[in-house]
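> based on what follows, work out the 3D shape:
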Amino acid sequence: MQTNTFTDFKLFNSFIGVPEPINEHIDIGKYPETTLLKSQEIYIDFYRISFKTNYINPDLPDFDSKNPKPITAVFFNSPGKPYEWELTDQFEGYYLQLSKEAIEKNRYLFQNFLEYGYHEALFLSKQEEKEVVLLYESLIQKSNSENTYQNVLLAYVNLILNLVESFYKRQFATETKKYNYIVSEFQQLLRDYYKDSVESVPTVHYFAEKMKLTPNYLGDVLKTYTHKSAIETIHEHITSSAKKLLIESNLTNAEIAFELGFDYPNYFAKFFKKQTQQTPKQFRAKQKVKK
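Numbers count the residues shown, from 1 in each chain. Predicted coordinates for the structure are as follows:
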């Protein structure tokens, strides 16, 4: 674990200047005027959802330093991902923090967007902003009551997460130009993958890194626009490439396996049979009969 990692809410809250946490598994609060505006790269060992209004974000692609426009958006931080910031002004909003233990014990809470990158934010309409604020305020009110049970807090957390999920679906559906570009770029990278020699089979992580996106974000965009998961699309491409080599080349099955990036020929054979219900040998034999 990195030395600049905050393992619990209490240390992190003290670092950025917000009140002590409600408990070790769930924390919620408002951003005060004294929130830390600048930090070098750090890591947190929990999940964090930040709802920010009147927020100037210089990392946005269309940011204009001469005419900075404040935004309203939801941002995410998760375990193992670097996190740094340098802000020019204070902002308003809320934060919700969830421990890894809370997620593990309540798996229904986990949503893919919890592991999106900070640059893969959700931008809210005025109506959506009102709905989010209402739930955050309700959760804060419940958390301040001594009579509130933990399962009630979890129920409110679940409502917030489901609301965010529905807003992301709206964003994916309405910003087609932006997301069609992501789909096109992924498909082009996939087509280009085997143009040069490779050392491994392609993975979702490989393409996400190339595109400077998180794997979960890339996967959700592709699922929305192609109705297939990223790994399904990758596997279809590997299978198609394998079929082409089996039909058009004289390479052995082992040579084809290495050509496609498999470490062992038997891994390739198992993969191919799972995708086609035939072994590479059976597929090649049937193609020869057709000729």
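
> hey, let's count contacts and neighbours off CA atoms from now on
Noted.

> okay, now the unreliable bits of this structure?
Counting by pLDDT under 70, the chain shows low-confidence ranges at 1-3, 34, 56-68, 289-291.

> so which bits of the top strand by length along it are buried?
When the chain is parsed with DSSP state E, its longest strand is strand 46-55. For strand 46-55, the neighbour count (16 or more other C-alpha atoms under 10 Å) marks Phe46, Tyr47, Arg48, Ile49, Ser50, Phe51, Lys52, Thr53, Tyr55 as buried.

> in the sheet, which strands lie alongside it, parallel or antiparallel?
strand 71-77 (antiparallel), strand 92-99 (antiparallel) (DSSP bridges).

> centre of the chain versus it, how much separation?
15 Å (C-alpha atoms, centre = their mean, to the nearest Å).

> so what touches it?
Strand 46-55 is contacted by residues 7-8, 70-79, 90-100, 114 when judged by C-alpha atoms under 8 Å, 6 or more residues apart in numbering.

> please repeat the previous calculation with a cut-off of 7 Å.
With contacts defined as C-alpha atoms under 7 Å, 6 or more residues apart in numbering, strand 46-55 is touched by 70-79, 91-100, 114.

> make a ChimeraX selection of the buried ones in those residues.
The ChimeraX command for the buried members of these (criterion: 16+ other C-alpha under 10 Å) is given here:
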select :72,73,74,75,76,77,78,79,91,93,94,95,96,97,98,99,100,114
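
> quick one, helices of the protein?
9-16, 100-105, 126-143, 150-174, 176-192, 204-210, 215-226, 230-248, 253-259, 265-276, 280-290 (DSSP state H).

> quick one: closest of the ones you listed to Leu37.
helix 9-16 (8.2 Å; C-alpha to C-alpha).

> how big is the angle separating that closest one from strand 46-55?
Between helix 9-16 and strand 46-55, the angle comes out at 30 degrees (axes from the mean of the first three to the mean of the last three C-alpha atoms, to 10 degrees).

> would you reformat the helices of the chain as CSV and include distance to Glu86?
Formatted as CSV, the helices of the chain follow (distance: least, C-alpha to C-alpha, whole Å):
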stretch, distance to Glu86
helix 9-16, 12
helix 100-105, 27
helix 126-143, 24
helix 150-174, 26
helix 176-192, 26
helix 204-210, 24
helix 215-226, 24
helix 230-248, 33
helix 253-259, 46
helix 265-276, 47
helix 280-290, 55
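
> and His25, which of the ones you listed is closest to it?
Of the helices of the chain, nearest to His25 by C-alpha to C-alpha is helix 100-105, at 5.8 Å.

> elements contacting the closest one?
Helix 100-105 is packed against no helix or strand, with contacts defined by 3 or more C-alpha pairs under 7 Å, 6 or more residues apart in numbering; DSSP states H and E.

> repeat that for 10 Å
Helices and strands touching helix 100-105, by 3 or more C-alpha pairs under 10 Å, 6 or more residues apart in numbering; DSSP states H and E, are strand 46-55.

> let me know the angle separating the strand it packs on from helix 150-174.
Interaxial angle of strand 46-55 relative to helix 150-174 (the same axes, to 10 degrees): 60 degrees.

> TSV for the buried residues of strand 46-55, including distance to Ser138?
Output for the buried residues of strand 46-55, formatted as TSV (distance: C-alpha to C-alpha, whole Å):
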residue	distance to Ser138
Phe46	23
Tyr47	20
Arg48	18
Ile49	16
Ser50	16
Phe51	15
Lys52	17
Thr53	18
Tyr55	23
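
> out of these, which is nearest to Ala285?
Tyr47 (52.2 Å).

> with Phe110 as the reference, measure out to that closest one.
10 Å (C-alpha to C-alpha, to the nearest Å).

> common neighbours of the two, please.
Shared contacts of Tyr47 and Phe110, defined by C-alpha atoms under 10 Å, 6 or more residues apart in numbering, are found at Lys100, Ala102, Ile103.

> quick one, what contacts the first one?
When you say that, I think you mean Lys100. His25, Asp45, Phe46, Tyr47, Ser78, Pro79, Asn106, Phe110.

> thanks a lot, see you next time.
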